[in-house]
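**Q** Compute the structure for the input listed below.
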Amino acid sequence: MADFKIIHSASDSRARVGQLQTAHGLIDTPVFMPVGTLGTVKGVEQSLLEQVVDAPIILGNTYHLYLRPGMEILEEAGGLHRFIAWDRPMLTDSGGYQVYSLAKSRKINEEGVTFSSHIDGSKHLFTPENVVETQRIIGADIMMAFDECTPYPCELPYAERSMHLTHRWVERCLHKFETTDAKYGHAQIFAPIVQGSVYPKLRVESAKFIAALGAQLNAIGGLSVGESADLMYEMTGICTEILPPDKPRYLMGVGTPANILECIALGIDMFDCVLPTRNARHGLIYTSEGQVNIRNRKWATCHEPIDPAGSVFSQRYTKAYLRHLLMCKEMLGAQLSSLQNLHFYQFLMKQARIEIANGSFTTWKQKMIALTTTRL
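**A** Predicted structure coming up:
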């Protein structure tokens, strides 16, 4: 059973500091969750995630894990925690995002979604019921409802039909969740997802529907899919006004440091995004002094630390060395870059919690947004 406590609330925004108890540990919120789609955060070994990044929770993806390594292997291993040697909390996306991202290779109907595997073209049917069963086998602490993540732009009639389909699916997910047991001796949390594209009326309707389910954790999906930041903030704010304040709120797939800070102010507690590691592999580094495009020629002779206030590795190695590694496509370059960006995101969350508790979040937020959007 999840237990969520609000420790501090900001006086000048909806930002709050909380603690979410899961079967594999306590999570301080606001929290950023690194994405480990296939049971690995790309390029970062688990002990480094613990000791250097200090990630309190990571994600796995139901669709990808279902295809590889497959449920038989994960069940034999005793679930994903044991398979990847990760003792901290874990969340699994249901595969709903793949309804959006694999639009050219799937078909949707009332029963569920038929996918053509991106690996070998084989056909697979995902339903609300078997997605819950799959996440029981994976064994994550938090499992997401199966939903349709609508594209942007999206016409109102389609968005409305999709939202109602998601609502019917979440009821089926919830029934399956409530009539099955966890497999590995630890409780799991079920989280429904608000949809409605960028239409305020739909977001209000969906948020009310999801709130009425009484779930232990509520999520907001269908954003950060191409709409403007202002639209994302507007839809997020609508949802957080309605979703229960005594339950954690998870904004899926967001985002940049600036996005995250603005959405913390709107009352969001949990975030995930591939951005820090994806950007890292392409040479965009977040540091305590601003953004660094490490591939730029000017860093070739910069023998200063990657980030003097960063991780132990970022203090040990220089910008010139990191650029050399990335330009040579050495694996260590992607690893060091990823460690730095993930460490920076965790620093951002820790500092946000301190500033909220101290009553200085809004002033600090504006300074950090300016810093994180400055290119050095």
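**Q** Surely Leu91 is in contact with Leu59?
**A** Yes: Leu91 is within contact range of Leu59, at 5.1 Å (criterion: Cβ atoms under 8 Å). Just so you know, the C-beta spots here come from the backbone N, C-alpha and C atoms, and that holds for glycine as well.
**Q** Looking at those two, which is more packed in?
**A** Using other Cβ atoms under 10 Å as the criterion, Leu91 and Leu59 rank with Leu91 on top: 27 against 21.
**Q** residue boundaries of the strands in the stretch 201-350 of the chain?
**A** 218-220, 249-251, 270-273, 284-287, 290-293 (DSSP state E, counting those that start in this stretch).
**Q** average pLDDT for the second one?
**A** In this model, strand 249-251 has a mean pLDDT of 98.
**Q** Tell me which other helices or strands that strand touches.
**A** Applying 3 or more Cβ pairs under 8 Å, 6 or more residues apart in numbering; DSSP states H and E, we find strand 249-251 packed against strand 218-220, helix 229-242, strand 270-273.
**Q** what lines up beside it in the sheet?
**A** strand 218-220 (parallel), strand 270-273 (parallel) (DSSP bridges).
**Q** The fourth one too?
**A** According to DSSP bridges, strand 284-287 forms sheet pairs with strand 290-293 (antiparallel).
**Q** Now the partner strand: buried residues?
**A** Gln291, Val292 (16 or more other Cβ atoms under 10 Å).
**Q** now do stretch 196-206
**A** Gly196, Ser197, Val198, Tyr199, Leu202, Arg203, Val204, Glu205, Ser206.
**Q** Format those residues as CSV; extra columns: pLDDT and distance to Gly95.
**A** Listed next are the buried residues of stretch 196-206 as CSV, based on pLDDT from 0 to 100; distance: Cβ to Cβ, whole Å:
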residue, pLDDT, distance to Gly95
Gly196, 98, 20
Ser197, 97, 19
Val198, 98, 23
Tyr199, 98, 24
Leu202, 98, 22
Arg203, 98, 22
Val204, 98, 26
Glu205, 98, 24
Ser206, 98, 19
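**Q** with those residues in mind, which one is nearest to Leu266?
**A** Among these, Arg203 lies closest to Leu266 (Cβ to Cβ), at 12.8 Å.
**Q** Could you list which of the buried residues of stretch 196-206 belong to helices?
**A** If you go by DSSP state H, the buried residues of stretch 196-206 have Leu202, Arg203, Val204, Glu205, Ser206 in helices.
**Q** ok, back up a step: out of the strands of the stretch 201-350 of the chain, which is the most enclosed?
**A** strand 249-251 (a mean of 28; mean count of other Cβ atoms under 10 Å).
**Q** now it, how far from the centre of its chain.
**A** Offset of strand 249-251 from its chain centre (Cα atoms, centre = their mean, to the nearest Å): 9 Å.
**Q** for this structure, which helix is longest?
**A** helix 331-358.
**Q** what would the helices and strands packed on strand 249-251 look like in CSV with mean pLDDT and distance to Val312?
**A** CSV is the format used below for the helices and strands packed on strand 249-251 (pLDDT from 0 to 100; distance: least, Cβ to Cβ, whole Å):
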stretch, mean pLDDT, distance to Val312
strand 218-220, 98, 34
helix 229-242, 98, 33
strand 270-273, 97, 24
